[in-house]
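Chemist: Have a look at this prediction, sequence included:
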Amino acid sequence: MDFIEELKWRGMLHDLTPGVEEALKEKMCTGYIGFDPTAPSLTIGNYVQIMLLTLFQKSGHQPIVLMGGATGRIGDPSGKDEERQLKSYEELDDNLKYQQELMSKFLDFEHGENKAILANNFDFYKDMNALDFLRDVGKTITVGYMMAKESVKRRIEKGLSFTEFSYQLIQGYDYQCLYNQYGCTIQMGGSDQWGNITTGTEYIRKNLQGKAYAITTPLLTKADGSKFGKSEKGNLWIDRKFTSPYAFYQFWLDCDDRDLSKFIRFFTFKSREEVEALEAEFLETNPNHLKRLLAEELTERIYSKAELEAAKNVTNLLWNKKAKREQLMAMDQDTLKMIAHEIVTFTIQKDILEGPVNIIDFLADHTAITSSKGEARRAIKNNAISVNKEKIGSDQFELDTHLLLHDTFIMIENGKKNKFMIVAE
């Protein structure tokens, strides 16, 4: 696989410095991307850069994941209109440790000559005092050079602290350290990082008389102008602690048709020939088929095959009008818990069901599924109420603990679209 050609057909190449294509063809190169641990986990936006490192490794080159134990303490002004709120050291360290564990899912850190390397830029600075920093790091680049960077120019009139102003010095020196320690000659990142990356190439040129390169990807945007990786519920995380497999799966099923080709090319592991054949057959005639293929590929990769199946089962249960009771009854506790996070949920005391409790009282008094007992009776009369996918035909029906799935859950439906999960504690 030719790395640059791979980026080109995928639309993942924004800019590069002269000579990098030749360098990549001559031998195995080492390249890195930095990740600041300012969030508790990694988002799909972060995964764009992880995908870049993955393709780099698949092309026979060696990726370095540089965790920003130092830069995370400073804050990157790139792409921000105002000063970042600094995180505590304890929170940053916790985030960093957790993100490191996630990285091991996506890159091979154990096998082959080009096995991935995990580094932490805090190690470059932990024994350096302020005077050493000013002499060894601050002396290389002029203020004029730093002021010319777009990330600085955009912020300077609104207000930019010296802390964030110095960020590019640290990122530049990071590159120099990685060049020294690992022979790293390529830094990659989003297009908003171009200024910080090329600062690093200057450090290596001036201080080490070496040659280093930069590669950037375009920032991934959506056709409607909204930020990629955001859903109605906030960030789309590549982590079940923050985004369920179902919500992740649905994100791709719900994407705009206009974004589909771009998303496929950024995230699939399919070859160019496979992608072009699929697009030729389905992009205009059946885009939902392509969305499903992408949703399945990514959900299995980010989560697992079992969680993909759970996400598909939840999707079928919630959106397929012909979903059967057997499908609900076969679901495990984790899948039911996933459903409870995606639809309206009422938490009740389990002893309410030990009565037992009349369906009318339950719908109107113990939950807010109906606004009144009269509405509850009308819903039952109209054959609209289901309990665990079974229609309720009498207002004398009673609920008890035997209805609890895994001793915790009951699913109630009011009509075709209104679904509720009862959680008994």
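Modeler: Nice, I can see it. Numbering: from 1, shown residues only.
Chemist: Which segments of this structure make up each domain?
Modeler: 3-217, 230-320, 328-424 (automatic domain parsing).
Chemist: export these to TSV and tack on distance to Ala223, mean pLDDT and mean neighbour count?
Modeler: Backbone N, C-alpha and C define where each C-beta goes, glycine included. Below are the domains of the chain laid out as TSV (distance: least, C-beta to C-beta, whole Å; pLDDT from 0 to 100; neighbours: other C-beta atoms under 10 Å):
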stretch	distance to Ala223	mean pLDDT	mean neighbour count
domain 3-217	14	91	18
domain 230-320	4	94	17
domain 328-424	25	95	16
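Chemist: how about those in TSV, adding distance to Asp224?
Modeler: Shown next, in TSV, are these (distance: least, C-beta to C-beta, whole Å):
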stretch	distance to Asp224
domain 3-217	17
domain 230-320	6
domain 328-424	23
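Chemist: How much space separates the closest residue in space to Arg240 that isn't next to it in sequence from Lys312?
Modeler: Nearest non-adjacent residue to Arg240, counting by C-beta to C-beta, 6 or more residues apart in numbering: Tyr303, 6.3 Å away. For Tyr303, the distance to Lys312 (C-beta to C-beta, to the nearest Å) stands at 12 Å.
Chemist: Next up, the contacts around the closest residue to Trp237 other than its chain neighbours.
Modeler: The shortest distance from Trp237 to any non-neighbouring residue, by C-beta to C-beta, 6+ apart, is to Thr243 (4.2 Å). Shown in contact with Thr243 (C-beta atoms under 8 Å, 6 or more residues apart in numbering): 235-237.
Chemist: where's Thr243, which helix or strand?
Modeler: Under DSSP states H and E, no helix or strand contains Thr243.
Chemist: Now do it against Tyr47, distance only.
Modeler: In terms of C-beta to C-beta, Thr243 sits 12 Å off from Tyr47.
Chemist: What is the end-to-end distance of stretch 347-355?
Modeler: 17 Å (C-alpha to C-alpha, to the nearest Å).
Chemist: ok, and what's touching it?
Modeler: Residues contacting stretch 347-355 (C-beta under 8 Å, 6+ apart): 362, 366-367, 398-401, 403-404, 422-425.
Chemist: ok, now with 6 Å
Modeler: 366, 399-401, 423-424 (C-beta atoms under 6 Å, 6 or more residues apart in numbering).
Chemist: cool, and stretch 251-261?
Modeler: Contacting residues not belonging to stretch 251-261 are listed as 222-223, 231, 236, 287, 290-291, 294-295 [C-beta under 6 Å, 6+ apart].
Chemist: Can you tell me which of those residues is closest to Ile380?
Modeler: Within the contacts of stretch 251-261, proximity to Ile380 (C-beta to C-beta) peaks at Ser231, which comes in at 35.1 Å.
Chemist: Pull up the distance across stretch 111-127, start to finish.
Modeler: 32 Å.
Chemist: circling back to that earlier point, list just the nearest of the contacts of stretch 251-261 to Gly68.
Modeler: When the contacts of stretch 251-261 are compared against Gly68 (criterion: C-beta to C-beta), the nearest one is Leu236, at 21.5 Å.
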